[in-house]
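Engineer: Need coordinates for the following:
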Amino acid sequence: MSDDFLGYLFEKRDRTSQMPSNEVIAHWAAKIVDLLYPEHSVTQFENKEDLISYTARLKTELLMIASASGDGKAKDYQELTHHFFEQLPSLYEILTTDISAIYKGDPAAVSEFEVIRTYPGFYAICFYRIAHALNRLGLRLIPRILTEHAHSRTGIDIHPAAEIGKYFYIDHGTGIVIGETSVIGEHVKLYQGVTLGAMSVKKELAGSRRHPTVEDRVVIYSGATILGGDTTIGHDSVIGGNVWLTESVDPYSLVYHSPTITIRNIKEKN
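Structural biologist: Down below sits the predicted model:
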């Protein structure tokens, strides 16, 4: 390597914001989950004052992370930090509905504790909910770091700008993709491999509505692909496994395809 190239790398590093690593940012979000759900944590507090001090440190950490991010869309990081922590009760409330949906909807779940402690779907939803709250406050980079961390941990890819209602249930989850402009109602259940995507990934479509709307009480089974900003899945519908949809369906629809399946005893002669 030439000295000129090394000099360029040095200058580039010097110009780069001293932003904490992705691991540090993800660890902060994990501590928010631990704060809300001690079932997810091993941290113990002697008294309420210790909990208050711990929360204050988390506020300081967010202020430091947000300030270092240099996100131009956020104007006042102190105010942003204040607003995020003011939203913790509502964040707790909506996450608790997600826990309830998973526990009541999965016969294999023996307790809500198990859901909180072990379910990758809940882990991904937690990070999405935190990222979404920060995204709505004007941050862009940090929310993406959080949801990509959850993606790497769980295989569940949810864009922080997607709008998702209460009682959201992800079952198994691996391979789920929920695009940036997706809108999902309440009491929606998704199985593994579901994609809510765009018809096109052309750059000039950035900022436009590209992803589907899924209304209340819809179930989408594994491997289904639903594409397009004009595509709406009507409430109380069921979308079968491996279905490919690029047009809207009415409420109370059952959508499926019937592949030809042949079952033959291997001892039989052709």
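
Engineer: Would you map the strands across the protein?
Structural biologist: 157-158, 163-164, 169-171, 177-178, 183-184, 189-191, 195-197, 213-214, 219-220, 225-227, 232-233, 238-239, 244-245, 254-255 (DSSP state E).

Engineer: From what I see, residue 176 and residue 156 are in contact.
Structural biologist: Yes. With contact defined as CB atoms under 8 Å, residue 176 counts as touching residue 156 (4.8 Å). (Each C-beta comes from the backbone N, C-alpha and C, glycine too.)

Engineer: any common contacting residues for these two?
Structural biologist: Counting by CB atoms under 8 Å, 6 or more residues apart in numbering, the common neighbours of residue 176 and residue 156 are residue 170.

Engineer: Would you mind listing the buried residues in stretch 47-60?
Structural biologist: Across stretch 47-60, burial judged by 16 or more other CB atoms under 10 Å covers residue 58.

Engineer: Check the model's average confidence along that stretch for me.
Structural biologist: Mean pLDDT, stretch 47-60: 95.

Engineer: can I get the CA coordinates of that stretch in CSV?
Structural biologist: In CSV, the C-alpha atoms belonging to stretch 47-60 read as follows (Å, rounded to 0.1, in the frame of the first residue of the first chain):
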residue,chain,number,x,y,z
ASN,A,47,-34.2,-0.4,46.3
LYS,A,48,-36.2,2.0,44.1
GLU,A,49,-33.5,4.6,44.2
ASP,A,50,-31.0,2.2,42.6
LEU,A,51,-33.5,1.6,39.8
ILE,A,52,-33.9,5.4,39.4
SER,A,53,-30.1,5.8,39.2
TYR,A,54,-29.8,3.0,36.7
THR,A,55,-32.5,4.6,34.5
ALA,A,56,-30.6,7.9,34.6
ARG,A,57,-27.5,6.2,33.4
LEU,A,58,-29.5,4.7,30.5
LYS,A,59,-30.6,8.2,29.6
THR,A,60,-27.1,9.5,29.7
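
Engineer: For residue 179, see how far away the residue lying closest to residue 151 once chain neighbours are set aside is.
Structural biologist: Ranked by CB to CB, 6 or more residues apart in numbering and with sequence neighbours excluded, the top spatial neighbour of residue 151 is residue 157, at 4.5 Å. For residue 157, the distance to residue 179 (CB to CB, to the nearest Å) stands at 9 Å.
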